[in-house]
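# Sequence below, structure please.
(one chain, ligands or ions: 1)
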Amino acid sequence: MTLTDTAATATGVAAVDLDGVVKRFGAVTAVDGISLRIRPGEVVALLGPNGAGKTTTVDMLLGLSQPSSGRVQVYGQRPHDAVALGLVSAVMQTGGLLKDYTVEETVRLTAVLFGKPATAVGEAIERAGLTDVAKRLVGKCSGGQQQRLRFAMALLPDPELLILDEPTTGMDVAGRHEFWSAIRDDARRGRTVIFATHYLEEADAYADRVVFVRRGRIVADGTSAEVKALAAGRTVRATWPGATEAELTAIAGVERTEIRGDSVWLHGNDTDSIARYLLTETGARDLEITSRNLEDAFLALTADEETAS
Ligand SMILES: Nc1ncnc2c1ncn2[C@@H]1O[C@H](COP(=O)(O)OP(=O)(O)OP(=O)(O)O)[C@@H](O)[C@H]1O
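Numbering: from 1, shown residues only. Sure thing, here's the model as predicted:
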């Protein structure tokens with residue numbers, strides 16, 4: 001890897017350091033104050049629904065766009081410089097492949113374009129699990145094989161950080177499995193991996209750490225087990241006209257809140273004491289306490305309501 005040749009060898013440098021990052025497109029705030037440090041070697045899922053801000057964040061990490069405010073660093077460098085140094089590369093969703101070349105020709109051509117030695121070609125093909133189809137025309141490859149080809153191309157600079165933006169969209173189950181096996185085998189060698197996904201089970205199965213993003217903000221961040229534990233808590237719903245966010249978050253034990261019309265949702269582990277407080281200290285009524293499974297919790301954490309501002 002190239003890291004030893006760069007200033008990024010300074011001890012303790014984060015693979016990714018986002019500090020108060022905001023990105024606006026006119027009136028739309030796509031990323032609304034994200035701070036995130038990722039250590040070298042972590043495999044991190046950015047999980048969230050459509051429009052959560054995942055791609056916008058990825059684009060800033062790749063130096064394709066600049067934050068409106070805040071700071072983005074990759075291995076201690078500005079993203080653009082990190083890409084130029086070969087510290088970071090990406091597997092994007094679509095595009096970039098020529099159907100009339102074989103898999104091997106495609107990787108070879110890319111290696112020549114990037115000034116990489118021929119030895120890198122075979123290794124990238126092997127690591128992407130494409131040895132058996134190296135002579136196949138790209139146009140004849142399945143969606144999963146084409147995506148692994150993009151992965152092979154991204155491996156050529158031997159990057160410290162690999163970024164994948166919804167890499168398995170549209171693939172069947174077998175294709176997804178093969179793709180992730182190749183990524184996981186590669187990540188075991190210590191590469192840092194960040195992937196954006198809609199698929200909860202992918203984040204659960206392949207990430208060391210899951211960062212839930214919703215409306216441009218991080219709403220949960222932890223190991224898969226921690227996020228599951230968080231998501232596995234309970235919720236008190238109540239009717240409480242005029243309740244404010246500040247009133248709700250001030251209640252002891254409340255971890256997350258939501259207000260929709262006259263209804264409020266309070267999420268926490270000790271829902272009994274939250275319910276007791278609501279009934280004795282506030283005007284809340286019609287209480288319901290529910291447990292949620294992981295899928296429900298994910299939807300609640302990431303869903304965009306119609307009333308969203
Ligand atoms: N170039 C742009 N101009 C205007 N608005 C944009 C632009 N790019 C993104 N947005 C808006 O920013 C918000 C975040 O979009 P983004 O693509 O980052 O979300 P995402 O989490 O990657 O979603 P998806 O899962 O659909 O790819 C959305 O409301 C989107 O419409």
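
# rest of the way, CA atoms for contacts and neighbours
Fine.

# Could you report the neighbour count for the closest residue to residue 57 other than its chain neighbours?
The spatially closest residue to residue 57, leaving aside those adjacent along the chain, is residue 31, at 7.1 Å (C-alpha to C-alpha, 6 or more residues apart in numbering). Counted with other C-alpha atoms under 10 Å, the burial measure for residue 31 works out to 27 neighbours.

# With residue 188 instead?
Neighbour count for residue 188, taken as other C-alpha under 10 Å: 12.

# State the distance from it to the ligand.
Taking C-alpha to the nearest ligand atom, to the nearest Å as the measure, residue 188 falls 26 Å from the ligand.

# Quick check: phi and psi at that residue.
phi -60, psi -20 (degrees, to the nearest 10).

# And it, how far from residue 182?
10 Å (C-alpha to C-alpha, to the nearest Å).

# Likewise for residue 47?
20 Å.

# what do you get for residue 235?
39 Å.

# residue contacts, residue 176?
Residue 176 sits next to 144, 168 when contact means C-alpha atoms under 8 Å, 6 or more residues apart in numbering.

# In which helix or strand does residue 212 reside?
Using DSSP states H and E, residue 212 sits within strand 209-214.

# quick check, that strand touching the ligand?
No - using C-alpha under 6 Å from any ligand atom, strand 209-214 never reaches the ligand; the gap is at least 7.6 Å.

# neighbouring strands for the helix or strand following that strand, and are they parallel or not?
On the C-terminal side of strand 209-214, the closest following helix or strand by DSSP H and E is strand 217-223. Paired neighbours of strand 217-223 in the sheet (DSSP bridges): strand 209-214 (antiparallel).

# residues in contact with the partner strand?
Here strand 209-214 makes contact (C-alpha under 8 Å, 6+ apart) with 42-49, 52-54, 203-204, 218-224, 227, 301-304.

# Whichever of those residues end up buried, select them in ChimeraX.
Selection of buried members from the contacts of strand 209-214 for ChimeraX, criterion 16 or more other C-alpha atoms under 10 Å:
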select :42,43,44,45,46,47,48,49,52,53,54,203,204,218,220,221,222,223,224,227,301,302,303,304
